[in-house]
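> could you look at this predicted model? Sequence included:
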Amino acid sequence: IIMVAYDGTDYHGWQEQIYDRTVAGTLQKSFEQVFGHPIKTVGASRTDAGVHACCQIARFYTNLSIDTTIMLRSWNGALPNDITLISLTPSPDYFHPQHNVVKKTYHYYFSSHRPLPFDSRYVYYYPYTFCIKKLEHNLQLFVGTHNFAAFCTGNFPTDITQCTVDSIVLIFDREREIYCIEVQGKRFLHHMIRRIVGAALKNASQDNYNHHAIIDALNQGIINYRLPTAPACGLILKKIIYERSPYE
């Protein structure tokens, strides 16, 4: 099992692709370069292009008999600066990174002030005036079990698009003048969190929009193109909790 942190700015998401540079593809290529042995990684979350992670969990198989400390150090030494292996431990037989997830925590960062250079890759600059109370109210509309067909990419049956959002909290860092939207839930759809943020922000920014636009989209399951998708740069996978920890 590996825990990986990465800046997703220059990657076409986590999942390996034939022609595009991805995080999983880079991990696999660097492992083979160092150890002369191919691997395939399976990640807990297939983060989108440009999305970051502090704690992506992934599993891979190898029959190489190398001390994990040495493997971790050698593998890290071959990786680019925007990908870091935080830990590498033997995987229990029962563990699969996509199974038995209890909760995933994502943070979405944005600011109404131009971010400082060292924040700009991870914070969405939103230069429009918005009502904080309205934003908080809009975000709470998504909490609970809903059909998120209007807030995802792809055509899926209702049993797939029905998800439960456990909580959404808006946090403000006064020193850095950055807002954080913390979203927690067991499962999220492609672009779901970014569309939740985009819809809530736009609704809170314009007088001629009200929360019924969001309610209607949730109830009808129809994509409303007036409700935008927030940019990938602000989204970070922060934590994954399993029913049974693989580190026991």
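Nice, I can see it.

> which element follows the worst-scoring helix or strand of the chain on mean pLDDT toward the C-terminus?
Least confident element among the helices and strands of the chain, by mean pLDDT, DSSP states H and E: helix 158-161 (a mean of 80). Later in the chain than helix 158-161, the nearest helix or strand by DSSP states H and E is strand 162-173.

> buried stuff in that next one?
Residues Gln162, Cys163, Val165, Ile168 are the ones in strand 162-173 that count as buried (16 or more other C-beta atoms under 10 Å). Where C-beta positions appear, they are placed from N, C-alpha and C, glycine not excepted.

> and if you look at stretch 96-105?
Pro97, Val101, Lys104, Thr105.

> and the nearest residue to the third one once chain neighbours are set aside, what pLDDT?
Nearest non-adjacent residue to Lys104, counting by C-beta to C-beta, 6 or more residues apart in numbering: Ile240, 5.3 Å away. We have a pLDDT of 96 for Ile240.

> give me the three-state assignment for Ile240.
strand (DSSP: H, G, I helix; E, B strand; the rest coil).

> near it, how many other residues are there?
Residues near Ile240, counting by other C-beta atoms under 10 Å, number 18.

> Leu139 now?
25.

> where does pLDDT dip in the protein?
By pLDDT under 70, the low-scoring segments of the chain are 156-157, 209, 223-226, 248.

> now the strands for it?
2-6, 42-43, 52-59, 83-88, 101-111, 124-125, 144-147, 162-173, 178-185, 235-242 (DSSP state E).

> those strands: which one's closest to Ser30?
strand 83-88 (8.4 Å; C-beta to C-beta).

> in stretch 110-117, what's buried?
Buried-residue list, stretch 110-117, by 16+ other C-beta under 10 Å: Phe110, Ser111, Pro115.
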